[in-house]
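K.L.:
Mind folding the following:
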Amino acid sequence: MSTNNIRPVSLELHPIETGNYRIATPAIQEFYELIIRCLRYRTSGALIYGPSRIGKTRSIEYLRLLLAEKYPKITTYHVQAEHKPRHAEGPFFSSLLEAVGYPEPDTGSNPTKRIRLNNKIKEACSRAGSGTVIFFIDEAQRHSENEYEWLRDVHDHLDRQQIKLFTFLVGQEDLFSTKVNLQCAGKTQIVARFMVEEFAFYGIRNVQDVATCLAGYDNSTFPRNSDWTFTRFFIARGVDSGYRLVDDAQVLWDAFSSLHNKSGLPGKLEIPMESFTRTVEIVLKDSQALDEVKYRPAKSLWVQAVRNSGYVQARIAVGRTLSEFNHVA
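P.N.:
Predicted structure coming up:
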């Protein structure tokens, strides 16, 4: 790699500084494989559930970018299910209109909102040259039975227009309970449409997962297609001397494991993506001023970064072990 260490752009513009980047994890890869499987077999819906702050929302953003690159003709939307004191049709369709980019999602009657939504989706499919649409509905555990029925109406209307809608319900562990409750109530029309497949989203569970994620920083570049990997942008001399973040996978895993055990947290170690990325960002930023030939971050730096990552606070906030939600789909 080049020894010219003059950065091509300002440090303030780097994705690590702006937070505008996504790193793939084994869970995200499994999520992606689920999507491709649903598309291939025309399975119209799946639910993806797990504890809060584990990386589900970030996975949606990553997967939309990946799908845009791999399957540019597929139209995808990120729908945010909102907490509402009552589940009314108008706010539901407003949230869908906002997701598809309608400029005034709160205006108009309910029938008008339905028409606008369908027309907006049809326009997007026409531009893309495909009749395939994906809804990622985030925090889907907030939806009621009525909202799933309204979503079914959207699905049926688009189907009559030769547009195939695939829906991925993403939410907390309550979402799995929602499926069970609907099954017990005999609401097969909802379950069979939107909840056919299941996937329990998970965090970083072992040193191999850590290595996979660290390799993402070592291989991602900014500017794109340059030789300025994320790691090199902050540790140029160290990287040019052979260092890679993946070299410290065991060090990082051990630091999290030690903190987990010393804090008396229950269950096996499973690192939420938010805590992991914050740790790596701290190490990269602090290493910038320390960078030199043959530099590599000290073990103490990793340990301190893990302590400042918010991991313990996140686990206490969840209030139970992450692993207990890893149901087998």
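K.L.:
so how many other residues sit close to residue 124?
P.N.:
Residue 124: 17 surrounding residues under other CB atoms under 10 Å. Where you see a C-beta, it was placed from the backbone N, CA and C, and this is true even at glycine.
K.L.:
wait, isn't it in contact with residue 75?
P.N.:
Yes. If you go by CB atoms under 8 Å, residue 124 and residue 75 touch, sitting 4.7 Å apart.
K.L.:
Any buried residues in stretch 151-166, and which?
P.N.:
151, 152, 154, 155, 157, 158, 163, 164, 165, 166 (16 or more other CB atoms under 10 Å).
K.L.:
can you check stretch 123-141 too?
P.N.:
Neighbour counts over stretch 123-141 (16+ other CB under 10 Å) mark 124-125, 128, 130-141 as buried.
K.L.:
pLDDT below threshold where in this protein?
P.N.:
Residues of the chain meeting the criterion pLDDT under 70: 1-4, 85-87, 318-329.
K.L.:
so what are the domain limits for it?
P.N.:
Split into domains by automatic domain parsing, the chain comes to 11-21+204-325, 26-200.
K.L.:
Tell me how far the shortest one lies from the chain's centre.
P.N.:
To tie it back to what came earlier, the one meant is domain 11-21+204-325. Domain 11-21+204-325 sits 17 Å away from the centroid of its parent chain (CA atoms, centre = their mean, to the nearest Å).
K.L.:
what do you get for stretch 144-155?
P.N.:
Distance, centroid of stretch 144-155 to centroid of chain: 24 Å (CA atoms, centre = their mean).
K.L.:
can you check stretch 153-170 too?
P.N.:
A distance of 22 Å separates the centroid of the chain from that of stretch 153-170, by CA atoms, centre = their mean.
K.L.:
export it as PDB, just CAs?
P.N.:
C-alpha atoms of stretch 153-170 as PDB (Å, rounded to 0.1, in the frame of the first residue of the first chain):
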ATOM      1  CA  ASP A 153     -55.300  -4.300   1.700                       C
ATOM      2  CA  VAL A 154     -52.300  -2.500   0.300                       C
ATOM      3  CA  HIS A 155     -50.700  -5.900  -0.600                       C
ATOM      4  CA  ASP A 156     -53.800  -7.000  -2.400                       C
ATOM      5  CA  HIS A 157     -54.300  -3.800  -4.400                       C
ATOM      6  CA  LEU A 158     -50.700  -3.800  -5.600                       C
ATOM      7  CA  ASP A 159     -51.000  -7.500  -6.500                       C
ATOM      8  CA  ARG A 160     -53.900  -6.600  -8.800                       C
ATOM      9  CA  GLN A 161     -51.600  -4.100 -10.400                       C
ATOM     10  CA  GLN A 162     -49.000  -6.900 -11.100                       C
ATOM     11  CA  ILE A 163     -46.800  -5.500  -8.300                       C
ATOM     12  CA  LYS A 164     -45.400  -8.000  -5.700                       C
ATOM     13  CA  LEU A 165     -45.000  -6.600  -2.200                       C
ATOM     14  CA  PHE A 166     -42.600  -8.300   0.200                       C
ATOM     15  CA  THR A 167     -42.900  -7.200   3.800                       C
ATOM     16  CA  PHE A 168     -40.200  -7.700   6.500                       C
ATOM     17  CA  LEU A 169     -41.500  -6.900  10.000                       C
ATOM     18  CA  VAL A 170     -38.600  -5.900  12.200                       C
END
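K.L.:
what about the strands in the protein?
P.N.:
45-49, 75-80, 132-138, 164-171, 197-200 (DSSP state E).
K.L.:
relative to strand 164-171, how tilted is the first one?
P.N.:
To tie it back to what came earlier, the one meant is strand 45-49. If you take axes from the mean of the first three to the mean of the last three CA atoms, to 10 degrees, strand 45-49 sits at 20 degrees to strand 164-171.
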